[in-house]
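# Sequence unavailable; structure follows:
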């Protein structure tokens with residue numbers, strides 16, 4: 001029976017996704033952390049300025065992002081459910097802005113090529129024969145690009161492909177993707193008409209995969225206008241709901257029931273919707289072992305403290321690694337002995353030697 005590992009990827013995973021073996025990178029378009037999304041990057045202004053509602057909310061979000069406890073998904077849900085109709089209407093622009101922004105990042109940062117670090121991680125993990133479930137909290141498609149480059153059989157064409165039976169690696173994106181859209185209404189409506197009558201929290205239909213990098217305003221498939229399916233509020237009224245389709249969650253539950261090892265990379269561990277899902281899985285499964293990778297050892301330990309009730313520490317091994325001063329590598333040779341010494345390495349993905 002193949003070894004199984006679950007990998008949780010946060011914003012830090014995309015932020016550190018480039019390495020020297022990848023294509024030339026334009027650092028002005030480096031993948032953003034949550035604090036970078038609204039107001040701190042001059043390069044992002046040309047995208048933000050196209051969406052008035054997003055600009056209105058950015059006046060507050062940019063300031064809130066300066067704090068350590070900022071959780072963008074929680075704040076966006078507050079806007080989506082606000083008693084003032086003007087705030088709710090402004091929120092409608094946020095998923096449109098984020099889709100255009102992340103599409104621009106993917107196109108401009110490394111010219112639409114996978115940056116390299118995801119690919120090395122995927123190659124070393126899957127070449128061991130392990131089965132993997134990736135829980136990707138990011139909107140970007142870097143993971144999907146890396147999987148396809150390593151194995152064309154892992155190409156995503158439709159929404160069912162993410163967790164199709166027989167795949168060595170399944171993908172669950174709890175907060176959505178820039179490639180996911182839902183039809184806003186019947187054909188023939190203008191963009192303004194369709195958006196005005198669309199309620200992102202209540203009007204849900206079939207999620208379709210559309211990978212073009214066309215602007216969100218006017219985005220369509222087969223003449224049907226599409227609205228991006230990303231950010232937590234689009235999951236519905238329940239604060240613990242996840243955006244991804246229920247079949248994805250069912251496939252993930254099944255995988256996690258007997259998965260004994262988690263690798264948690266570049267996340268603060270503050271996504272309560274994901275934590276609630278993992279707590280639900282825990283009720284019917286043994287307590288797994290988790291390993292944490294972050295930009296510093298203190299931050300990795302902070303994530304470990306926040307998620308520690310879900311996991312146990314590996315016997316005889318450190319469960320955290322400082323990704324800036326890489327002093328350990330992930331090794332899935334037996335899927336039970338994780339830490340081996342490797343040379344100092346600036347990029348955490350580059351330092352992950354699996355094999």
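The structure has been received and is ready for your questions. Keep in mind that this is a model prediction, so the values were computed, not measured.
# Sketch out the low-pLDDT regions of the stretch 101-250 of the chain for me.
Low-confidence segments of the stretch 101-250 of the chain (pLDDT under 70): 203-204, 232-240.
# which stretches of it form strands?
131-136, 169-172, 176-183, 207-209, 220-221, 224-230 (DSSP state E, counting those that start in this stretch).
# and residue 257, which of those strands is closest to it?
strand 131-136 (11.0 Å; CB to CB). The C-beta positions use only the backbone N, C-alpha and C, and glycine is treated the same way.
# Enumerate every residue touching residue 207.
Residue 207 is in contact with 159, 180-182, 229, 245, counting by CB atoms under 8 Å, 6 or more residues apart in numbering.
# how does it look with 7 Å?
159, 180, 182, 229, 245 (CB atoms under 7 Å, 6 or more residues apart in numbering).
# got it, and residue 174?
135, 137, 242-244, 273-274.
# same question, residue 71
residue 270 are the contacts of residue 71 under CB under 7 Å, 6+ apart.
# Phi and psi next, for residue 42.
When read as degrees, to the nearest 10, the backbone of residue 42 gives phi -60, psi -40.
# roughly how far apart are the residue nearest to it when sequence neighbours are not counted and residue 39?
In this structure, residue 42 finds its nearest non-sequential neighbour in residue 28, 7.7 Å apart by CB to CB, 6 or more residues apart in numbering. Plainly put, residue 28 is 15 Å away from residue 39 if you go by CB to CB, to the nearest Å.
# So for the two, which residue has more residues nearby?
residue 39 (19 against 12; other CB atoms under 10 Å).
# Kindly provide the distance from that one to residue 115.
Applying CB to CB to residue 39 and residue 115 gives a distance of 24 Å.
# Residue 282 is nearest to which of the strands of the stretch 101-250 of the chain?
strand 131-136 (14.3 Å).
# Pull the distance from the closest one to the chain's centre.
11 Å (CA atoms, centre = their mean, to the nearest Å).
# How about stretch 155-175?
So, by CA atoms, centre = their mean, the centroid of stretch 155-175 is 14 Å from its chain's centroid.
# tell me the SS of the residue nearest to residue 42?
Under DSSP: H, G, I helix; E, B strand; the rest coil, residue 28 falls in the helix class.
# can I see the domain layout of this protein?
4-23+116-175+243-340, 27-109+180-230 (automatic domain parsing).
# Please give me every residue in contact with residue 115.
17-18, 22, 25, 142.
# Apply 8 Å and report the result again.
Residue 115 touches 17-19, 22-23, 25, 109, 142, counting by CB under 8 Å, 6+ apart.
# Could you identify which of those has the most neighbours?
residue 17 (30 neighbours).
# what separates that residue from residue 11, distance-wise?
11 Å.
# who touches both of these two?
If you check residue 17 and residue 11 against CB under 8 Å, 6+ apart, the residues they both contact are residue 31.
# Return the set of residues that bridge with residue 116.
Beta-bridge partners for residue 116, by DSSP bridges, are residue 18.
# ok, it touching residue 19?
Yes - between residue 116 and residue 19 there is a contact under CB atoms under 8 Å: 4.5 Å.
# For stretch 93-105, which outside residues touch it?
With CB under 8 Å, 6+ apart, stretch 93-105 has contacts from 29-32, 37, 44, 47-48, 50-54, 57, 76, 79, 139-140, 178, 200, 213, 215-217, 219, 227-231, 234.
# One more: stretch 14-23?
25, 30-33, 109-111, 113-118, 120, 138, 140, 142, 266, 295, 323, 347-350.
# residue contacts, the nearest residue to residue 34 once chain neighbours are set aside?
Spatial nearest neighbour of residue 34, chain neighbours left out: residue 72 (4.5 Å); criterion: CB to CB, 6+ apart. Contact analysis of residue 72 by CB under 8 Å, 6+ apart lists 34, 37, 61, 65.
# Highest neighbour count among the residues you listed?
residue 37 (23 neighbours).
# wait, doesn't that residue sit right on residue 65?
Yes - the pair residue 37 / residue 65 is scored as a contact, 7.3 Å apart, by CB under 8 Å.
# In the chain, which helix is the longest?
helix 93-109 (DSSP state H).
# buried sites along that one?
For helix 93-109, a neighbour-count test (16 or more other CB atoms under 10 Å) marks 93-106, 109 as buried.
# Ends of stretch 81-92, what's the gap?
One end of stretch 81-92 sits 11 Å from the other (CA to CA, to the nearest Å).
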